[in-house]
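Chemist: have a look at this prediction, sequence included:
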Amino acid sequence: MNNSEDKMAKLEELFEQYSDDEFLKFGRIENKLHRRADMHAFLLLDKLVSSDRGIVGDAEHDKIYLDVNPEDVVEIITVEQVIELIRCGVYLEDDCFCMFT
């Protein structure tokens, strides 16, 4: 494994480690960027990797795929930010950030 693969594996491990206890626990976030969980997640991801494109890249049945590549944030995201995303309902699937609608 190269360094990038190692970091992606670590990111995946963090999502797995905290998802059971923190998924959709938005009330636990102390310094909210927005009063809505999805908007908080969108703003946090934009803060990490700013873009002028829409944040929703694709949708399928009951989920949306966010147009932020996890590989672009893996170098800079903190454990606390991963937990915040999980608390907002963000999860990783097939190397994509996703949310249920």
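Modeler: Arrived safely. Residues are numbered from 1 along each chain as shown.
Chemist: other SSEs contacting the helix ranked longest in the chain?
Modeler: When the chain is parsed with DSSP state H, its longest helix is helix 3-22. When contacts are defined as 3 or more C-beta pairs under 8 Å, 6 or more residues apart in numbering; DSSP states H and E, helix 3-22 packs onto helix 70-73, helix 79-87, strand 90-93. All C-beta spots, glycine's among them, are computed from the backbone N, C-alpha and C.
Chemist: and of the ones you listed, who's closest to Ala37?
Modeler: Ala37 lies closest, by C-beta to C-beta, to one member of the helices and strands packed on helix 3-22: helix 79-87, at 7.3 Å.
Chemist: contacts for that closest one, please.
Modeler: Helix 79-87 has contacts (C-beta atoms under 8 Å, 6 or more residues apart in numbering) with 11, 14-15, 18-19, 22-26, 28-29, 37, 40-41, 44-45, 48, 97.
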